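Q: From the sequence below, what's the structure:
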Amino acid sequence: MAGATPQLIKELREKSGAGMLDCKNALNECDGNIDNAMKFLRESGLAKAAKKAGNVAAEGLVNILVNSDFTKATMTEINSQTDFVAKNDNFVGLVQDITAHVQSQNITETSELLKTNINGTNFEEYLNGKIAIIGENIVARKMITVSSDNGIVNGYVHLGKVGVILAATCAPEAKEKAIDMLKKVAMHAASMKPTVISYKDLSVDFIESENKAIIADIEKENEELYRLKKPLKNIPEYVSRVQLTDAAIETAKAAMKAELLAEGKPEKIIDNILVGKIARWIEDNTQLDKANALLSQNYVMDDKMTVEEAIKAVDASIEIVEYVRFELGDGIEKKEEDFAAEVAAQMAK
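A: Alright, predicted model coming up:
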């Protein structure tokens, strides 16, 4: 116990974030000198950091930094191995520092980030030092900065797990309203997971593939509904507004009109009836848009409107031009661990 006292251990833990035993050992090695103990922790940890780098980092935080005039927003995904560490103040501070660094240096990818300097230190060395102190592998996995010279940018992060950035153009007098609306639409996108801004952004191949899949799903569902003697769902011919040409709409309208006449409906009221039927037909035949296109989705804060209608209700000049969504750990293959077996293995040592 050459240099470690309860008070010094407490002080070193607060400064470094390292574990109690590591702090005790560092202080003993450094005869109770806090500054030397901090250096010892960093240097001894760098060797451990290399080993930790092989561990899967699938937890962590998504973070967004928006500048003061809402013309630039940076989003990062920084991964840790466990959710416990993701809630640690040292890790949270690290994520915020990295996000600010990414924004200030206009960094776009991890390989570029590793070559930069942060706080006077090479980033890779800086990160290894943090890995040593925090005790888990940490990966700066994804980053993006969205800027707008003639509009505004805003974003939203849900519980550090999902982040959305939106950029929009608008009239100068609509800027404040647009900032608020973009935040709300970002909240919507975090929940509803659109993949594109508009149905016009959906690829032809994707539409054709999903058209077959959606129809097959509804037909299968109708089999069960028929068995239960419940009303069947309409089977659409199309799934996206992209497919609804003027000719397709006119063909559908003509078929509906012929059906109404066959039912004996007076011709003078048919046009009024057709308005509602065509609206329902379009609804049935644009299901892919509702699932994937942000502007076509029912707005979560008022599902009587689409997102597009909700935006125009705030100000007609607001137009979303860029959309980015990060979901924590998306695409990472997580290692399945048998906790009981791990404990048994440790006990057997």
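
Q: All the strands of this structure, in order from the start?
A: 59-66, 72-80, 117-118, 121-122, 139-147, 151-158, 162-169, 319-327 (DSSP state E).

Q: Parallel or antiparallel, which strands does the third one pair with?
A: Partners of strand 117-118 in the sheet, by DSSP bridges, are strand 121-122 (antiparallel).

Q: burial count for the residue nearest to N117 when sequence neighbours are not counted?
A: In space, and not counting its chain neighbours, N117 is closest to F123: 6.7 Å by C-beta to C-beta, 6 or more residues apart in numbering. Heads up, the C-betas are built off the backbone N, CA and C, glycines and all. F123 is flanked by 21 other residues according to other C-beta atoms under 10 Å.

Q: hmm, back to that, possible to save the strands of the chain as CSV with mean neighbour count and mean pLDDT?
A: Compiled in CSV, the strands of the chain are given as follows (neighbours: other C-beta atoms under 10 Å; pLDDT from 0 to 100):
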stretch, mean neighbour count, mean pLDDT
strand 59-66, 23, 97
strand 72-80, 25, 97
strand 117-118, 16, 96
strand 121-122, 12, 92
strand 139-147, 20, 95
strand 151-158, 22, 97
strand 162-169, 24, 98
strand 319-327, 19, 98
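
Q: Same list, these, but as CSV with distance to A178 please.
A: Shown next, in CSV, are the strands of the chain (distance: least, C-beta to C-beta, whole Å):
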stretch, distance to A178
strand 59-66, 13
strand 72-80, 14
strand 117-118, 33
strand 121-122, 39
strand 139-147, 14
strand 151-158, 5
strand 162-169, 6
strand 319-327, 9
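
Q: V275 is nearest to which of those strands?
A: strand 319-327 (27.9 Å; C-beta to C-beta).

Q: Now do the closest one: which elements does it pack against?
A: strand 72-80, strand 139-147, strand 162-169, helix 175-192 (3 or more C-beta pairs under 8 Å, 6 or more residues apart in numbering; DSSP states H and E).

Q: how does it look with 10 Å?
A: Strand 319-327 is packed against strand 59-66, strand 72-80, strand 139-147, strand 151-158, strand 162-169, helix 175-192, helix 307-314, with contacts defined by 3 or more C-beta pairs under 10 Å, 6 or more residues apart in numbering; DSSP states H and E.

Q: Kindly reformat the ones you listed as TSV containing distance to L202.
A: Output for the helices and strands packed on strand 319-327, formatted as TSV (distance: least, C-beta to C-beta, whole Å):
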stretch	distance to L202
strand 59-66	25
strand 72-80	24
strand 139-147	21
strand 151-158	24
strand 162-169	19
helix 175-192	16
helix 307-314	15
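
Q: which stretch among these comes nearest K265?
A: helix 307-314 (30.4 Å).

Q: buried residues in the closest one?
A: V307, E308, A310, I311, V314 (16 or more other C-beta atoms under 10 Å).

Q: Then stretch 172-182?
A: For stretch 172-182, burial by neighbour count (16+ other C-beta under 10 Å) applies to A174, K175, K177, A178, I179, M181, L182.

Q: Now do that stretch: distance to the chain's middle.
A: 22 Å (C-alpha atoms, centre = their mean, to the nearest Å).

Q: Only alpha carbons, please: show that stretch as CSV.
A: Taking Å, rounded to 0.1, in the frame of the first residue of the first chain, the C-alpha atoms of stretch 172-182 are listed here in CSV:
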residue,chain,number,x,y,z
PRO,A,172,-36.6,33.5,-45.2
GLU,A,173,-39.6,34.5,-43.1
ALA,A,174,-40.5,30.8,-42.5
LYS,A,175,-37.1,29.8,-41.0
GLU,A,176,-38.3,29.6,-37.3
LYS,A,177,-41.4,27.6,-38.2
ALA,A,178,-39.3,25.3,-40.4
ILE,A,179,-36.7,24.6,-37.6
ASP,A,180,-39.5,23.5,-35.3
MET,A,181,-41.3,21.5,-38.0
LEU,A,182,-38.1,19.7,-39.0
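
Q: Dump the C-alpha coordinates for stretch 99-112 into PDB.
A: In PDB, the C-alpha atoms belonging to stretch 99-112 read as follows (Å, rounded to 0.1, in the frame of the first residue of the first chain):
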ATOM      1  CA  THR A  99     -19.100  14.600 -32.800                       C
ATOM      2  CA  ALA A 100     -17.900  18.200 -32.300                       C
ATOM      3  CA  HIS A 101     -14.500  17.200 -33.800                       C
ATOM      4  CA  VAL A 102     -16.100  15.500 -36.800                       C
ATOM      5  CA  GLN A 103     -18.100  18.700 -37.400                       C
ATOM      6  CA  SER A 104     -15.200  21.100 -37.000                       C
ATOM      7  CA  GLN A 105     -13.000  19.100 -39.300                       C
ATOM      8  CA  ASN A 106     -15.600  18.100 -41.900                       C
ATOM      9  CA  ILE A 107     -14.800  14.400 -41.500                       C
ATOM     10  CA  THR A 108     -16.800  12.000 -43.500                       C
ATOM     11  CA  GLU A 109     -15.500   8.500 -42.600                       C
ATOM     12  CA  THR A 110     -13.600   6.600 -39.900                       C
ATOM     13  CA  SER A 111     -10.400   6.100 -41.900                       C
ATOM     14  CA  GLU A 112     -10.200   9.900 -42.300                       C
END
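
Q: With that, I have no additional questions.
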